[in-house]
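Asker: Would you be able to build a 3D model of this:
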Amino acid sequence: MRVRFAPSPTGHLHVGNARTALFNWLLARGSGGTFILRIEDTDVERSRTESEQAILEDLEWMGLHWDEGPDVGGRFGPYRQSERLYLYRSYAERLIREGRAYYCFCSPQQLEAERKEQVRLGRAPRYSGRCRAIAPAGARARVDAGEAAVVRFKVPDQERVGFTDIVRGEISVSIDVIGDPVLLRSDGHPAYNFAVVIDDALMEITHVIRGEDHISNTHRQVLLYEALGVTPPKFAHLSLVLGPDHTPLSKRHGATSVAEFRAKGYLPEALVNYLALLGWSPGEGEEVLPAAELARRFSLEAVAHSAGIFDEEKLAWVNRHYLRSAAPERIAALSIPYLRAAGFATAPDARGLEFLASRAIPMVTNSVDRLDQAPRRLHFLFEFKPSVSIQDSDVAAILIHPGATHAIDTLASELEMMPRLLTRDTFRAAAARVRERTGLKGKDLFHPIRVALTGDAGGPELDLAIPAIDAGAALPADAGIAPIMGCRERAVAFAAALRVDGR
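Answerer: Numbers count the residues shown, from 1 in each chain. As a prediction, the model looks like this:
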């Protein structure tokens, strides 16, 4: 089995195209086949080298590694269409010699006038075939003399053309709706339907898996395979990926490209897992599965006809699972760009990374949907400003409770007598002594303690937050982590701010 993903390097990798790549990859990996990456870059005006590189990076990030492609080579290269122009021209010449193609000299103005007339008469626009009547020798002479011409395929005289789609069954159309398609443009570049047939035939592609928007192209391609004497590959056309409002996924729905989801801090395994669920089910009531298991279970016959609805909330749910199960060291490393952007880190060394992995990340992975939310979850470590906190309405609601100020004063005095580096156990001991001295308990005790040490009315469990604060405060200045004020200094500063504020 040989399958291919053939993107055009004209922009970012859309999640719909990423799902197409994934389904090809799953089929190849599950069957022991070959996954090929081919770059369809014959759109000279729109193709960009940087877009090609970005697509390759996104596929690599998703773990969809290819067996043959522009960067790794293979027996059937080159793998960029711009490097295969000689092949398209040679096959176009062959079809002309065999009487299956011809030169067309119609100007754009003539073609547009013809199209308008057909529309006026209520007919489907199609090329009339007027240049079919030009004798081959005369057409060749005109081309040799420098007259601009395209090469058109001579659609055979038959009633219908069809194919069997693995997902959708038998699909056929009347030959009357297919005009003679262009094979080569006047500048020598191939039309899509011609290049893709030549490439798939020469690369021995056995299965073509692509979006349903290519169904109308497939009938023309089947005719070309037959003209070349090549057995067509098996086709499977996937439904479109739609937004929650059942319209094509677009910018109005938010992020739509793999690069955007990468930037938000989704894990690649989460995006891969979620995309696999769009239009296919692994069965057995399971949804969260590693890529290898998805590949083992994948079947084109089980792909649904209906559109896949992209729901970012469901993606976030899958991502939370993978965040919780990932190694803290990995999540710490992945979080650095977001922490750096927030001013909470520079380039953490081994000490800084160890602090993030052991102290900070446990407060992140159980409470965020994606890694760009990590700075907000950890801001209390780095942005402790009592004078600002006491103006917050939620904090103020805690501070007006009877005994709150007394609890904070007592906490400050207790921490001044304790070791500077609080652990979970020493913090609990300090809280117990505050309870004994104030008579407060439950939320009446711990809410004031929380605001005094974190500056927030809510946040991570104190058993995690307090040791993290003091561990961060003990880091050397060159560890690559922004300065963190310790718990003792926080309690004293908060009590002082309350006195200044007159509370």
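Asker: Check the spatially most central residue of the chain and give its pLDDT.
Answerer: Taking Cα atoms, centre = their mean as the criterion, residue 258 is the residue nearest the geometric centre of the chain, at 2.2 Å. Reading off the per-residue confidence, residue 258 sits at a pLDDT of 97.
Asker: And it, how close does it get to residue 40?
Answerer: 18 Å (Cβ to Cβ, to the nearest Å). Placement of C-beta: from N, CA and C, glycine included.
Asker: what do you get for residue 127?
Answerer: From residue 127 over to residue 40 the distance is 23 Å, taken as Cβ to Cβ.
Asker: What of residue 494?
Answerer: Summarising the geometry, the distance separating residue 494 from residue 40, computed by Cβ to Cβ, is 62 Å.
Asker: Likewise for residue 212?
Answerer: When Cβ to Cβ is applied, the distance between residue 212 and residue 40 equals 18 Å.
Asker: per-domain residue ranges of the protein.
Answerer: Structurally, the chain divides into domains by automatic domain parsing as follows: 84-238, 381-500.
Asker: so can I have CSV of these showing mean neighbour count and mean pLDDT?
Answerer: What follows is these, written out as CSV (neighbours: other Cβ atoms under 10 Å; pLDDT from 0 to 100):
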stretch, mean neighbour count, mean pLDDT
domain 84-238, 16, 95
domain 381-500, 18, 96
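Asker: Let me have those domains in TSV, extended by distance to residue 78.
Answerer: Conversion of those to TSV gives the following (distance: least, Cβ to Cβ, whole Å):
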stretch	distance to residue 78
domain 84-238	6
domain 381-500	44
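Asker: Among those domains, which comes closest to residue 14?
Answerer: Each of the domains of the chain was scored for nearness to residue 14 using Cβ to Cβ, and the closest is domain 84-238 (10.2 Å).
Asker: How far does that closest one stretch from one end to the other?
Answerer: 28 Å (Cα to Cα, to the nearest Å).
Asker: show me what contacts residue 166?
Answerer: Residue 166 is in contact with 207, 234-236, 300-301, 303, counting by Cβ atoms under 8 Å, 6 or more residues apart in numbering.
Asker: do you know how far it is from residue 236?
Answerer: Using Cβ to Cβ, one gets 4 Å for the distance from residue 166 to residue 236.
Asker: Could you pull out the residues contacting both of these two?
Answerer: Taking Cβ under 8 Å, 6+ apart as the contact criterion, the common neighbours of residue 166 and residue 236 are 207, 300, 303.
Asker: Show me which of those is closest to residue 335.
Answerer: Proximity of those to residue 335 was ranked by Cβ to Cβ; the top entry is residue 303 with 35.8 Å.
Asker: doesn't residue 103 fall inside a strand?
Answerer: Yes: secondary structure assignment (DSSP: H, G, I helix; E, B strand; the rest coil) places residue 103 inside a strand.
Asker: Am I right that it is in contact with residue 141?
Answerer: No: in terms of Cβ atoms under 8 Å, residue 103 does not count as a neighbour of residue 141; the distance is 10.2 Å.
Asker: quick one, phi/psi of the residue nearest to residue 250 when sequence neighbours are not counted?
Answerer: Leaving aside its chain neighbours, residue 250 sits nearest to residue 256 (6.4 Å; criterion: Cβ to Cβ, 6 or more residues apart in numbering). When quoted as degrees, to the nearest 10, the phi and psi of residue 256 stand at phi -130, psi -10.
Asker: What is the neighbour count of residue 256?
Answerer: Residue neighbour count, defined by other Cβ atoms under 10 Å, stands at 21 for residue 256.
Asker: Contact partners for it?
Answerer: Neighbouring residues of residue 256 by Cβ under 8 Å, 6+ apart: 14-15, 249-250.
Asker: hmm, try it at 10 Å
Answerer: For residue 256, the residues meeting the contact criterion (Cβ atoms under 10 Å, 6 or more residues apart in numbering) are 12-16, 241, 243, 248-250, 310.
Asker: Check the gap between it and residue 15 for me.
Answerer: Going from residue 256 to residue 15 by Cβ to Cβ gives 6 Å.
Asker: any common contacting residues for those two?
Answerer: 241, 249, 310.
Asker: So the last one is in contact with residue 275, correct?
Answerer: Same thing as residue 310. Yes: in this structure, residue 310 is within contact of residue 275 by Cβ atoms under 10 Å, at 8.7 Å.
Asker: These two: which is more packed in?
Answerer: residue 275 (27 against 22).
Asker: Okay, strands next: where are they in the chain?
Answerer: In the chain, the segments counted as strands under DSSP state E are 2-5, 34-37, 101-104, 150-153, 160-165, 169-174, 182-184, 207-211, 234-238, 241-242, 308-309.
Asker: Any chance of the ones you listed in CSV with distance to residue 488 as columns?
Answerer: CSV is the format used below for these (distance: least, Cβ to Cβ, whole Å):
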stretch, distance to residue 488
strand 2-5, 58
strand 34-37, 58
strand 101-104, 85
strand 150-153, 81
strand 160-165, 70
strand 169-174, 73
strand 182-184, 78
strand 207-211, 61
strand 234-238, 60
strand 241-242, 54
strand 308-309, 53
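Asker: ok, the closest residue to the residue nearest to the centre of the chain other than its chain neighbours - contacts?
Answerer: In space, not counting the residues next to it along the chain, residue 258 is nearest to residue 58; the distance is 4.1 Å by Cβ to Cβ, 6+ apart. For residue 58, the residues meeting the contact criterion (Cβ under 10 Å, 6+ apart) are 7, 12-13, 17-18, 21, 64, 257-259, 261-262, 268, 271.
Asker: any idea how far residue 58 lies from residue 50?
Answerer: As for residue 58, its distance to residue 50 is 13 Å (criterion: Cβ to Cβ).
Asker: And residue 17, by the same measure?
Answerer: Distance, residue 17 to residue 50, by Cβ to Cβ: 17 Å.
Asker: Which of the two has more residues huddled nearby?
Answerer: In this view residue 17 and residue 50 are compared by other Cβ under 10 Å, and residue 17 has more residues nearby, 22 against 8.
Asker: And for the chain, the residue most distant from the center?
Answerer: Within the chain, the residue lying farthest from the chain centre (Cα atoms, centre = their mean) is residue 437, at 55.4 Å.
Asker: Hmm, residue 407 and that one touching each other?
Answerer: Yes: taking contacts as Cβ under 10 Å, residue 437 lies within contact range of residue 407: 9.1 Å.
Asker: follow-up on the earlier one: quick one: residues contacting the residue farthest from the centre of the chain.
Answerer: Residues near residue 437 by Cβ under 10 Å, 6+ apart: 406-407, 409-411, 413-414.
Asker: how does it look with 8 Å?
Answerer: With contacts defined as Cβ under 8 Å, 6+ apart, the neighbours of residue 437 are 410, 414.
Asker: ditto for residue 133
Answerer: Contact partners of residue 133, counting by Cβ under 8 Å, 6+ apart, are absent.
Asker: Let's have the shared contacts of residue 256 and residue 15 in JSON lines, adding distance to residue 110 and pLDDT.
Answerer: Supplementary listing: those in JSON lines, determined by distance: Cβ to Cβ, whole Å; pLDDT from 0 to 100:
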{"residue": "241", "distance to residue 110": "39", "pLDDT": "92"}
{"residue": "249", "distance to residue 110": "38", "pLDDT": "84"}
{"residue": "310", "distance to residue 110": "43", "pLDDT": "94"}
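Asker: Could you dump those into JSON lines with distance to residue 400 added?
Answerer: Putting the shared contacts of residue 256 and residue 15 into JSON lines (distance: Cβ to Cβ, whole Å) gives the following:
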{"residue": "241", "distance to residue 400": "51"}
{"residue": "249", "distance to residue 400": "48"}
{"residue": "310", "distance to residue 400": "46"}
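Asker: before we move on, back to that, which one of the domains of the chain lies closest to residue 324?
Answerer: With distances scored as Cβ to Cβ, the stretch of the domains of the chain nearest to residue 324 is domain 381-500 (14.4 Å).
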